[in-house]
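[1] this one's sequence-less:
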């Protein structure tokens, strides 16, 4: 079963587009790396019927050093088998090195999907996409203010991020490529959806102030795997993570019909 | 002492521009992650008077999973204190996440410098460059054939990689920013040197076929910290890594005068 098939099945079964970001903060969670794993596994237990995906971000685990990678592997093993997991690591390097990143993500950590940068070009992306059972999300338009610095530069009469989307399309022969598009910029989400039929991963809802409703309306193309909305801190550090996740899911259900 | 001061001092003391990439290959090295650390520490011992920098690439250590990060930390601790170490991890994410990557690299792993992607823009890069004692190399023109796909796109009448170099200059208020420029493309090295006075890290010599002589001639601006040439596989897997490193160093000495 491919990543997007698994994601679609989980989204339909739970009627949700919610991805929960598992990004531990040492200032908020006691007990070091082991405490971070316990905390996140607890959140998974409270949200597993409300989310169709989980997304640990590598940076937050690497803050704990080698113990963080150990905790990340434990966390991965604790997530129910029918829910896919995206390793949000934004890796990118020359082809031989990209092959090692893909092996680390897919073969060693057993992640279902990986986020990557496109800057190195098609030959590097191919080292990730050749893992056809796994998903590869190409970072396209990010959720931070600095996104405009390079991503909005005019390239061949279009914003540069559309060239990135076009490159992602080119390496999608196996149908396992998606785009990361920040929910903080619904206008760019709409522009990208007009140019691309690839599945979107939409981070930035919650603490980053992204607009869930506007982003889902702009991204939705009828495919339950094509409009994955991520919330991290607003779920993880809510007084009641289950209630926070349920509210987000209900807002999604009010917007679109999540069905096969 | 800042990263570039440390690099300059090591380069002048040893009269070398050589950086040795420490990228273990599980197919060539026995003993798993611990074997990789032993192997690389042995290479450090054979090359420490010939190199002014070491550069472990994260991907090759992450292939070993959590044990790989542990081995990487051991390797870091085994490198002589006067030789700086670049964590070649090509990290990039939104500012709050970039801050975590910088903490992982500089505070946890105790690396002297980090390679990063610029795609997220100035606000993200600032989270790395605010560690003013550490170095930050921005990936600018890569050493693989796919580099042309996005990096050479015309943006405002110039190749896109020049816009990346301009952004790197903008975030260099503390003087701790350099550029990664592949030695496989001496023409682009020269073009970048005409536009940028930032220190260059030149990977791609050796197994990737980069042109050491042409790249050093194009990059050299008189600063012993401004033209760092990396070789990985061609030193690491040579019958005699010390001899391979000495040959590279001697070719550099024949080209330029490495002095304060």
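    Now that the structure is in, tell me what you want to look at. Computed from a predicted model, the values in this text were never measured in an experiment.
[2] C-alpha only now, for contacts and for neighbours.
    Will do.
[3] Okay, now the unreliable bits of the stretch 51-200 of chain A?
    For the stretch 51-200 of chain A, no stretch is flagged by pLDDT under 70.
[4] can you give me the helices for it?
    A:58-62, A:66-78, A:95-102, A:122-129, A:147-151, A:160-170, A:186-195 (DSSP state H, counting those that start in this stretch).
[5] Need those in a markdown table (columns: mean neighbour count and distance to residue B:257).
    Formatted as a markdown table, those follow (neighbours: other Cα atoms under 10 Å in any protein chain shown; distance: least, Cα to Cα, whole Å):
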| stretch | mean neighbour count | distance to residue B:257 |
| --- | --- | --- |
| helix A:58-62 | 26 | 40 |
| helix A:66-78 | 21 | 41 |
| helix A:95-102 | 23 | 33 |
| helix A:122-129 | 24 | 36 |
| helix A:147-151 | 21 | 37 |
| helix A:160-170 | 20 | 41 |
| helix A:186-195 | 17 | 51 |
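[6] Tabulate those helices (a markdown table), appending distance to residue B:139.
    Below are the helices of the stretch 51-200 of chain A laid out as a markdown table (distance: least, Cα to Cα, whole Å):
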| stretch | distance to residue B:139 |
| --- | --- |
| helix A:58-62 | 19 |
| helix A:66-78 | 25 |
| helix A:95-102 | 14 |
| helix A:122-129 | 14 |
| helix A:147-151 | 13 |
| helix A:160-170 | 17 |
| helix A:186-195 | 25 |
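[7] Turn those helices into a markdown table, including distance to chain B.
    A markdown table is the format used below for the helices of the stretch 51-200 of chain A (distance: least, Cα to the nearest Cα, whole Å):
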| stretch | distance to chain B |
| --- | --- |
| helix A:58-62 | 5 |
| helix A:66-78 | 5 |
| helix A:95-102 | 5 |
| helix A:122-129 | 5 |
| helix A:147-151 | 5 |
| helix A:160-170 | 7 |
| helix A:186-195 | 15 |
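[8] Within range of chain B, give me the residues from the stretch 101-250 of chain A.
    Residues of the stretch 101-250 of chain A found near chain B (Cα under 8 Å from any Cα of the partner chain) are A:101, A:103-104, A:108-109, A:118-124, A:142-151, A:153-156, A:163-164, A:167.
[9] now do 6 Å
    With the criterion set to Cα under 6 Å from any Cα of the partner chain, the stretch 101-250 of chain A comes near chain B through A:101, A:104, A:120-123, A:144, A:146-147, A:149, A:154-155.
[10] Can you check the pLDDT for residue A:8?
    Residue A:8 is assigned a predicted lDDT (pLDDT) of 98.
[11] Show me the contact partners of the helix or strand containing it.
    Per DSSP states H and E: residue A:8 is located in helix A:3-14. Under the criterion Cα atoms under 6 Å, 6 or more residues apart in numbering or on different chains, residues A:17, A:52, A:112, A:133-135, A:224-225, A:258-259 lie in contact with helix A:3-14.
[12] for those, which one is nearest chain B?
    residue A:112 (15.7 Å; Cα to the nearest Cα).
[13] how would you label the residue nearest in space to the middle of chain A: helix, strand or coil?
    By Cα atoms, centre = their mean, chain A has its centre lying nearest to residue A:201, at 5.1 Å. In terms of secondary structure, residue A:201 is strand; the call rests on DSSP: H, G, I helix; E, B strand; the rest coil.
[14] give me the number of residues near residue A:23?
    Residue A:23: 20 surrounding residues under other Cα atoms under 10 Å in any protein chain shown.
[15] And it, what's its pLDDT?
    Residue A:23 carries a pLDDT value of 98.
[16] before we move on, the earlier item: quick one, which of the contacts of helix A:3-14 are buried?
    Buried by 16 or more other Cα atoms under 10 Å in any protein chain shown: A:17, A:52, A:112, A:133-135, A:224-225, A:258, out of the contacts of helix A:3-14.
[17] Can you point out the buried residues in the helix or strand that contains residue A:243?
    Per DSSP H and E: residue A:243 is located in helix A:241-255. By 16+ other Cα under 10 Å, the buried positions in helix A:241-255 come out as A:241-242, A:244-246, A:248-249, A:252.
[18] Check stretch A:220-231 too.
    A:220-221, A:223-231.
[19] Select from those residues every entry located in strands.
    Counting by DSSP state E, the buried residues of stretch A:220-231 place A:227-231 in strands.
[20] which one among the buried ones among the contacts of helix A:3-14 gets closest to residue A:73?
    Each of these was checked against residue A:73 using Cα to Cα; the closest is residue A:112, at 13.0 Å.
[21] Next up, phi/psi of the closest one, please.
    Dihedral angles of residue A:112 (phi, psi; degrees, to the nearest 10) stand at phi -90, psi -30.
[22] thought it was touching residue A:85?
    Yes - using Cα atoms under 6 Å, residue A:112 makes contact with residue A:85 at a distance of 5.3 Å.
[23] ok, residue A:30 to residue A:207 distance?
    Between residue A:30 and residue A:207 the computed distance is 21 Å (Cα to Cα, to the nearest Å).
[24] Residue A:171 now?
    When Cα to Cα is the yardstick, residue A:171 and residue A:207 sit 33 Å from each other.
[25] Compare the two (neighbour count), which wins?
    Taking other Cα under 10 Å, residue A:171 and residue A:207 do not tie; residue A:171 has more neighbours (20 against 11).
[26] In a helix, residue A:30, correct?
    No - Residue A:30: not assigned to a helix; according to three-state DSSP it is coil.
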